[in-house]
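**Student:** next one to model:
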Amino acid sequence: MLSVDGSSNQQGSGAGIVLEGPNGVLIEQALRFAFKANNNQAEYEALIAGMLLAKEMGAQSLLVKSDSQLVTGQVTGEYQAKDPQMAAYLKYVQVLKGAFATFELVHVVPAGYPGSSLCVACPRELWHLRSAPSVNT
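**Tutor:** Sure thing, here's the model as predicted:
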């Protein structure tokens, strides 16, 4: 299971990722973005980074939990991605989904799940810096 959360404010943006593997193994990552990103972009960046991590770890099936109603709705087809940048993120996520035999993305309430506010709570010395967005428009 993968839990992701992205956030953005005047001080910057980042993402938190918690990947739960077999036998209770947890991999936690906090990302700090060196590029300007709004909250929706940060949410997509969190999802993409988590999917890439799960792929790298050899996951075959992936259940993803996100607190972003917009991202979840776009990926599941409930919402359209009208903004060109959101459409580019969605297209990349659709490609990444092909790496997994099964993939499910579910919307969760913002607090109380792994990944919630991880990007804010993690000490700065543990942040991984991302210098560029995952997609270009």
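
**Student:** every contact and neighbour count from this point should use C-alpha atoms.
**Tutor:** Noted.

**Student:** tell me the secondary structure at the residue of the chain most remote from its centre.
**Tutor:** Note on the chain: the largest C-alpha distance from the chain mean falls to Asn23, namely 22.8 Å (C-alpha atoms, centre = their mean). Secondary structure assignment for Asn23 (DSSP: H, G, I helix; E, B strand; the rest coil): helix.

**Student:** roughly how far apart are it and Met1?
**Tutor:** 12 Å (C-alpha to C-alpha, to the nearest Å).

**Student:** now swap in Leu52 and tell me
**Tutor:** Leu52 is 13 Å from Met1, by C-alpha to C-alpha.

**Student:** what residues sit buried inside stretch 71-86?
**Tutor:** Neighbour-count burial for stretch 71-86 flags 71-75, 81, 86 (criterion: 16 or more other C-alpha atoms under 10 Å).

**Student:** just the closest of those residues to Leu47, please.
**Tutor:** Checking the buried residues of stretch 71-86 against Leu47 by C-alpha to C-alpha gives Val71 as the nearest, at 8.8 Å.

**Student:** dump the residue contacts of the closest one.
**Tutor:** Shown in contact with Val71 (C-alpha atoms under 8 Å, 6 or more residues apart in numbering): 40, 43-44.

**Student:** which ones among those residues map onto helices?
**Tutor:** With DSSP state H as the criterion, helices contain 40, 43-44 from among these.

**Student:** and the buried ones among those residues, selectable in PyMOL?
**Tutor:** To isolate the buried ones among the ones in helices among the contacts of Val71 in PyMOL, judged by 16+ other C-alpha under 10 Å, type:
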select buried, resi 40+43+44
